[in-house]
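[1] would you be able to build a 3D model of this:
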Amino acid sequence: MNEIAGFVLLGLAAGVLSGLLGIGGAVVIIPALVYIFGFPQHRAEGTTLALMVPPIGILAVWPYYKSGHVDVRAAALICAGFLIGGLIGGQVSVGLSGPALQKLFAVLLLIIAVRMLLK
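    Numbers count the residues shown, from 1 in each chain. Predicted coordinates:
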């Protein structure tokens with residue numbers, strides 16, 4: 001499979017899981033970019049952030065919005081915080097080594113997994 005098809009299939013899988021489970025695409029995309037496509041951790045995270053452009057989010061959220069499952073006010077406020085937090089997080093991230101960043105990401109995923117399993 002060529003790289004272009006691989007990226008499209010990865011996007012499709014992440015989009016389906018995001019729409020299905022409400023998970024951030026980063027949970028799927030970042031590990032795939034690192035382990036399947038050989039991206040360094042920083043490039044994987046930067047690429048994932050770059051693809052979060054409005055058309056993707058709008059299309060993914062549309063069925064939820066039509067069904068009344070979107071709190072627009074909460075989403076707007078979270079988005080405002082996300083803009084600032086994303087800038088801060090990006091600045092901190094580039095100051096960390098690749099292995100340290102990868103471990104931090106893994107710990108976050110582990111915490112989420114354990115909490116969900118124990119709930």
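[2] pull the helix or strand that contains residue 4 out as CSV, backbone CA atoms only.
    When secondary structure is defined by DSSP states H and E, residue 4 falls within helix 3-21. Provided in CSV are the C-alpha atoms of helix 3-21 (Å, rounded to 0.1, in the frame of the first residue of the first chain):
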residue,chain,number,x,y,z
GLU,A,3,1.8,6.2,1.7
ILE,A,4,-1.1,8.3,0.2
ALA,A,5,-3.6,5.5,0.5
GLY,A,6,-2.3,4.7,4.0
PHE,A,7,-2.8,8.2,5.1
VAL,A,8,-6.3,8.3,3.7
LEU,A,9,-7.2,5.0,5.3
LEU,A,10,-5.8,6.2,8.6
GLY,A,11,-7.9,9.3,8.4
LEU,A,12,-11.0,7.2,7.6
ALA,A,13,-10.4,4.9,10.5
ALA,A,14,-9.8,7.8,12.9
GLY,A,15,-12.9,9.6,11.6
VAL,A,16,-15.1,6.6,12.1
LEU,A,17,-13.8,6.0,15.6
SER,A,18,-14.1,9.7,16.4
GLY,A,19,-17.6,9.8,15.2
LEU,A,20,-18.5,6.5,16.8
LEU,A,21,-16.8,6.8,20.2
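[3] and it, average pLDDT?
    Per-residue pLDDT values over helix 3-21 give a mean of 85.
[4] and if you look at stretch 94-113?
    Per-residue pLDDT over stretch 94-113 has a mean of 90.
[5] centre of the chain versus that stretch, how much separation?
    Averaging C-alpha coordinates over stretch 94-113 and over its chain gives two centres that are 14 Å apart (CA atoms, centre = their mean, to the nearest Å).
[6] how about stretch 2-9?
    Centre-to-centre, stretch 2-9 and its host chain are 18 Å apart (CA atoms, centre = their mean).
[7] please apply the same query to stretch 49-60.
    Going by CA atoms, centre = their mean, where stretch 49-60 is centred and where its chain is centred differ by 11 Å.
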